[in-house]
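A.B. asks: only geometry, no sequence info:
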């Protein structure tokens, strides 16, 4: 019988260890699949890129690799978030989760930590491993091309002559907070639909976006038709817009995670599948 406390760090650490050790085969398979998929894509693109002679001193693959990291971050993050409550899919695993001697917050926070924070660490490690695999393979294949080097992720943001995903810190902040907002939608979806969570959440989000876009376009056409160009943002600067976007995404992310937690607490009372 546990003490009626909200959070205990030793118990939380043990719970995280339990979550990762019990499913180590599944987790290992997912990590290998993630590494293998990135390595294959990098090697395939490198085959077409490196067969030509390049006069530049920088690796011509870097532009592609930075974009690839962003795609795997968003896509993998959403897929990982949809696994947050996968143990609630069956009756047996559901009882096992709910009977674990820990508080509801610790159970939810442990699952959230593994599939949100640990995922980012795993993604970074597997991405660098796949990148070094590319460098080793093509350094051996083309020993005279000294520009084949590992990608520098610091080029994701910065105002320079080299390609960057984000030109300044405001854009990078919007990129990061936007990722966590979208990821939080899939965390929430996993608590609502433990079965086929990714597909159902994606379908629900796509439907909502289509409806809101259609309604917004209809209202805009109805109210502003014949009135010429209408500047929605007025005299707002780019920094103001990105600042508003960062604040909005942060608030909605926290709200989604909070709703997901309370939805998880409901599962201890009733199963709404």
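C.D. replies: Cool, got the structure. Bear in mind that the values here come from a model prediction, so they are computed numbers and not experimental data.

A.B. asks: Low-confidence regions, the stretch 101-250 of the chain specifically.
C.D. replies: Scanning the stretch 101-250 of the chain for pLDDT under 70 picks out the ranges 159-163, 216-236.

A.B. asks: Which residue ranges of the stretch 1-150 of the chain form helices?
C.D. replies: All helices of the stretch 1-150 of the chain, identified by DSSP state H, counting those that start in this stretch, fall at 9-22, 24-49, 62-81, 91-98, 104-112, 119-141.

A.B. asks: how about those in JSON lines, adding distance to residue 210?
C.D. replies: C-beta here means a position set from N, CA and C on the backbone, and glycine is covered the same way. As requested, those are arranged in JSON lines below (distance: least, Cβ to Cβ, whole Å):
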{"stretch": "helix 9-22", "distance to residue 210": "36"}
{"stretch": "helix 24-49", "distance to residue 210": "29"}
{"stretch": "helix 62-81", "distance to residue 210": "18"}
{"stretch": "helix 91-98", "distance to residue 210": "33"}
{"stretch": "helix 104-112", "distance to residue 210": "29"}
{"stretch": "helix 119-141", "distance to residue 210": "28"}
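
A.B. asks: so of those helices, which one's packed in deepest?
C.D. replies: Per residue and on average, the most neighbours among the helices of the stretch 1-150 of the chain fall to helix 104-112, with a mean of 20 (mean count of other Cβ atoms under 10 Å).

A.B. asks: angle of that one against helix 91-98?
C.D. replies: Counting by axes from the mean of the first three to the mean of the last three Cα atoms, to 10 degrees, helix 104-112 points 120 degrees away from the direction of helix 91-98.

A.B. asks: which residues are contacting helix 104-112?
C.D. replies: 6-8, 11-12, 15-16, 19, 84-85, 87, 97, 100, 102, 187, 257, 260-261, 264-265, 268 (Cβ atoms under 8 Å, 6 or more residues apart in numbering).
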